[in-house]
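S.K.: Sequence and predicted structure below; questions after.
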Amino acid sequence: MDKLSYGLGVSVGANLKQQGFNPEIVDDFVEGLRDYFENEARFEMEALRTFKSCLWRTRGR
């Protein structure tokens, strides 16, 4: 196990948990990461728009 990668995962997980994300999204989150790094991201622009829209709503914009 790469400790740096694991530490990054713990950091991201802690941040998501603190922001109230549901732990059930972990599989989708990891799948999105893998797909992006393998240049196989599906509906990339739609996913980014959805993410930004959700983020803006949670920050009151």
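M.R.: Received it, and whenever you're ready, just let me know what you need. Residues are numbered from 1 along each chain as shown.

S.K.: switch to C-alpha atoms for all contacts and neighbour counts from now on
M.R.: Will do.

S.K.: Can you tell me the SS state at residue 39?
M.R.: coil (DSSP: H, G, I helix; E, B strand; the rest coil).

S.K.: ok, it - how many residues close by?
M.R.: Neighbours of residue 39 under the rule other CA atoms under 10 Å: 9.

S.K.: could you measure it against residue 25, distance?
M.R.: 21 Å (CA to CA, to the nearest Å).

S.K.: Residue ranges in this protein under the pLDDT threshold?
M.R.: 59-61 (pLDDT under 70).

S.K.: That one: helices as residue ranges?
M.R.: Assigned by DSSP state H, the helices in the chain fall at 3-18, 26-37, 44-58.

S.K.: okay, these in TSV with mean neighbour count next?
M.R.: Shown next, in TSV, are these (neighbours: other CA atoms under 10 Å):
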stretch	mean neighbour count
helix 3-18	12
helix 26-37	12
helix 44-58	11
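
S.K.: center of the chain - which residue?
M.R.: Among the residues of the chain, the one closest to the centroid is residue 29, at 4.6 Å (CA atoms, centre = their mean).

S.K.: roughly how far apart are that residue and residue 23?
M.R.: 10 Å.

S.K.: again, but for residue 14
M.R.: From residue 14 over to residue 23 the distance is 11 Å, taken as CA to CA.

S.K.: and what of residue 57?
M.R.: Using CA to CA, residue 57 is found at 20 Å from residue 23.

S.K.: Check residue 4 too.
M.R.: Taking CA to CA, one finds residue 4 at 22 Å from residue 23.

S.K.: Likewise for residue 56?
M.R.: Counting by CA to CA, the gap from residue 56 to residue 23 is 21 Å.

S.K.: Then residue 39?
M.R.: Taking CA to CA, one finds residue 39 at 25 Å from residue 23.

S.K.: now residue 41
M.R.: Applying CA to CA, one obtains 22 Å for the distance of residue 41 from residue 23.
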